[in-house]
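> Quick one, fold the following:
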Amino acid sequence: MTQTPPVIMWFRRDLRLSDNAALSAAVNAGAPVIPLFILDEVTEDMGAAPKWRLGLSVAVLARQLADKGTRLILRRGRALDVLRDVIAETGAGAVHWSRLYDPESRKRDEGVKSALKDEGISAQSHAGHILFEPWTVETKSGGDFYKVYSPFWRAVKDRPVADLIAAPKDLNPPAEWPASDDLDDWGMGDAMVRGRDVVLPHTCVGEEAAIGRLGAFVAHKIDAYKAERDYPAAEATSRLSENLTYGEIAPARIWHTGARAMAEGARGAEHFLKELVWRDFAYHLIYHTPHITTDNWREGWDNFGWNTDETRADVVAWKQGRTGNEFVDAAMREMYVTGTMHNRSRMIVGSYLCKHLLSHWRIGQAWFADCLIDWDPASNAMGWQWIAGSGPDAAPYFRIFNPDTQLDKFDADHAYRKAWIAEERAAPSKTALSYFDAVPRSWNLSPDAAYPEPVIDLAEGRKRALEAYDVRDD
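Okay, the predicted model is just below:
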């Protein structure tokens, strides 16, 4: 008897075994399953930190699959070419994957699906990266998509969310395996250079770790989440953005867990769910308005006079965390040491770059895409445009955060700045000193140097920004 043709499970940003509709469909097909990860044209272009972090996740998934008696095949190349090769080598008759929504992934996936179907191969995409498919959420008038978050939240908050799916017990490996690359040979962390060793202890990698992180947050932090989430030194957030980015945990699992906590009376649970839906809103926008990743989302901004010179001294100081403003510098240094940045801090550094320094949001977008281990194409694009004023912010576009008053409000005890700024301190913290180990040697920075003078007076920067926006300073 001939073996049933195998099916390929193409893993991308769904690096988990449970709550994985694509994997479940592949297993339920009743054929041998070939798990496959491709370092393809989209993943090759990722920035240094997210690409390195993706490699860590792939390694954990490979170990998970090995524990299940199967393996993860690794291939490098253009996605369609690799899939064709593996199909030819194995006789596979179907490919399953989880849908992605950014323009680059959609272009790749549409091309793959069309080509495979023309060649007689079943190509099936499945939900699972977000809570609600973008085309299913429409305004009540005219079937348009939502452009403001609050009505989007009201439209989806009572909708059913996908049920959880148990990890498959048996992945039915094929009798013969195709060849696989060695993950180490890919050098996915090469661009991180010495930063890898600094950031690694701050990572939380893989499905088991992600589920544990969610459990700990709900057990100890969710009740106070709304009250404490804006304090960057409080460690009051879930930090699940890192795991959502690579699909190590399903948003549906987070939703159901948060909803259960809300039903049990956790005061911060609803606000936590709103933040999860904020991520969905970003994907809603990137699907309906893909230009958000490259161009101003709002009309009328293309002639705004943002600086686009990344080598300008104040922009370089911003990138290095050496602006002379403690909130901005602490936030940037937090990113270099941990690979992530508190959400309040992201708003402050974004406002400072785009408004006080009048520099283009695309500079910040690209820098975060290179430095954040929780980089997400939709959230990063929407976040930068939101703070710049060119994006989907219902508040006035000329709102300018003052990082000093924000620091006084959210870091009154100086815990955040002490954690990340070493210069001119008698006994700098370990985390503050780690910044100098993480950043490029070419920056030639030392904790023994003087703390820099401010690159711009905040009042002057605010005045200049308001003049550029041509509005009254009320």
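> from here on, contacts and neighbour counts on C-alpha atoms
Noted.
> quick one: low-confidence parts of the stretch 101-250 of the chain?
The stretch 101-250 of the chain contains no residues with pLDDT under 70.
> hey, where'd the strands end up in it?
Along the stretch 101-250 of the chain, the stretches classed as strands by DSSP state E, counting those that start in this stretch are 122-126.
> Break down it into its helices, ranges please.
Using DSSP state H, counting those that start in this stretch, the helices of the stretch 101-250 of the chain run over residues 103-118, 149-156, 183-186, 195-199, 207-220, 225-228, 241-245.
> Can you tell me which of the ones you listed is most buried?
Of the helices of the stretch 101-250 of the chain, the one with the most neighbours on average (mean count of other Cα atoms under 10 Å) is helix 241-245, at a mean of 24.
> quick one: that helix to chain centroid distance?
6 Å (Cα atoms, centre = their mean, to the nearest Å).
> just to revisit the earlier point, so for residue 436, which of the helices of the stretch 101-250 of the chain sits nearest?
Ranking the helices of the stretch 101-250 of the chain by proximity to residue 436 (Cα to Cα) places helix 195-199 first, at 9.8 Å.
> Quick check: residue 36 is in a strand.
Yes. Assigned with DSSP: H, G, I helix; E, B strand; the rest coil, residue 36 falls within a strand.
> wait, doesn't it sit right on residue 76?
No. Using Cα atoms under 8 Å, residue 36 is not in contact with residue 76; the gap is 10.6 Å.
> Comparing those two, which shows the higher neighbour count?
residue 36 (21 against 18; other Cα atoms under 10 Å).
> residues touching that one, list them.
8, 9, 10, 11, 72, 73, 74, 75 (Cα atoms under 8 Å, 6 or more residues apart in numbering).
> Please state the backbone phi and psi of the fourth one?
Residue 11 has phi and psi values of phi -80, psi 140 when expressed as degrees, to the nearest 10.
> next one: the third one
With angles defined as degrees, to the nearest 10, residue 10 shows backbone torsions of phi -90, psi 100.
> In this structure residue 147 contacts residue 392, no?
Yes. Using Cα under 8 Å, residue 147 is in contact with residue 392, at 6.4 Å.
> sorry, back to before: to residue 466, which of the helices of the stretch 101-250 of the chain lies closest?
Here helix 149-156 is closest among those (Cα to Cα), at 25.5 Å.
> Out of the helices of the stretch 101-250 of the chain, flag the one nearest residue 433.
Ranking the helices of the stretch 101-250 of the chain by their distance to residue 433 (criterion: Cα to Cα) puts helix 195-199 first, at 10.6 Å.
> what residues go with each domain of the chain?
What automatic domain parsing lists as the domains of the chain is 1-127, 130-162+196-288, 313-469.
> Flag the shaky bits of the stretch 251-400 of the chain, pLDDT-wise.
Along the stretch 251-400 of the chain, the model assigns pLDDT under 70 to residues 394-397.
> just the helices in the stretch 251-400 of the chain please.
251-263, 269-288, 313-320, 326-338, 343-351, 361-371, 377-388.
> Residues contacting the third one, please?
Going back to what we said before, that points to helix 313-320. 309, 310, 323, 328, 329, 332, 333, 353, 357, 359, 367, 455.
> From the residues you listed, keep the buried residues only.
323, 328, 329, 332, 333, 353, 357, 359, 455 (16 or more other Cα atoms under 10 Å).
> Considering those, which is situated nearest to residue 45?
Using Cα to Cα, these come closest to residue 45 at residue 332, 22.9 Å.
> Leaving out sequence neighbours, find the closest residue to that closest one.
Closest residue to residue 332 apart from its sequence neighbours, by Cα to Cα, 6 or more residues apart in numbering: residue 321 at 5.1 Å.
> Surely the one you found and residue 335 touch.
No. At 9.7 Å, residue 321 does not count as touching residue 335 under the criterion of Cα under 8 Å.
> So for residue 469, what pLDDT did the model give?
Confidence at residue 469, expressed as pLDDT, is 83.
> So what does it have for phi and psi?
Dihedral angles of residue 469 (phi, psi; degrees, to the nearest 10) stand at phi -80, psi -10.
> circling back: specify which residue of residue 147 and residue 392 has the higher count of neighbours.
Ranked by neighbour count (other Cα under 10 Å), residue 147 and residue 392 place residue 392 first, with 22 against 18.
> which residues touch the more buried one?
147, 148, 297, 298, 382, 385, 386.
> go again using 6 Å as the cut-off
Residues in contact with residue 392 (Cα atoms under 6 Å, 6 or more residues apart in numbering) are residue 386.
> mind checking how far it is from residue 10?
Look at residue 392 and residue 10: by Cα to Cα, to the nearest Å, they are 33 Å apart.
> tell me the contacts of the residue nearest to residue 379 when sequence neighbours are not counted?
Leaving aside its sequence neighbours, residue 379 sits nearest to residue 282 (Cα to Cα, 6+ apart; 5.5 Å). Residues near residue 282 by Cα under 6 Å, 6+ apart: 378, 379, 382.
> who wins for neighbours among the residues you listed?
residue 382 (26 neighbours).
> Just to check, residue 9 is in contact with residue 96?
Yes. Using Cα atoms under 6 Å, residue 9 is in contact with residue 96, at 5.1 Å.
> Am I right that the residue nearest to residue 332 is in contact with residue 329?
Yes. Counting by Cα under 6 Å, residue 321 does reach residue 329; the two are 4.1 Å apart.
> Not counting its neighbours along the chain, what's nearest residue 14?
Nearest residue to residue 14 in three dimensions, chain neighbours excluded: residue 247, at 4.0 Å (Cα to Cα, 6+ apart).
> What's the local residue count around that neighbour?
With other Cα under 10 Å as criterion, residue 247 counts 27.
> shouldn't it be in contact with residue 11?
No. Counting by Cα under 6 Å, residue 11 is not a contact partner of residue 247; they are 9.7 Å apart.
> Tabulate the helices of the stretch 251-400 of the chain (a markdown table), appending distance to residue 67.
Supplementary listing: these in a markdown table, determined by distance: least, Cα to Cα, whole Å:
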| stretch | distance to residue 67 |
| --- | --- |
| helix 251-263 | 23 |
| helix 269-288 | 31 |
| helix 313-320 | 42 |
| helix 326-338 | 30 |
| helix 343-351 | 36 |
| helix 361-371 | 32 |
| helix 377-388 | 32 |
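> among those, which is nearest residue 53?
Smallest distance to residue 53 across the helices of the stretch 251-400 of the chain (Cα to Cα): 10.6 Å, for helix 361-371.
> hang on, the earlier thing: I'd like to know how far the residue nearest to residue 14 sits from residue 207.
Residue 247 is 8 Å from residue 207, by Cα to Cα.
> Could you do residue 465 as well?
From residue 465 to residue 207 the distance is 44 Å (Cα to Cα).
> Same check on residue 416?
30 Å.
> Equivalent analysis for residue 48, please.
Distance of residue 48 to residue 207, computed by Cα to Cα: 22 Å.
> Likewise for residue 238?
On the measure of Cα to Cα, residue 238 and residue 207 end up 15 Å apart.
> OK, contacts around residue 304?
By Cα under 6 Å, 6+ apart, the contact set of residue 304 is empty.
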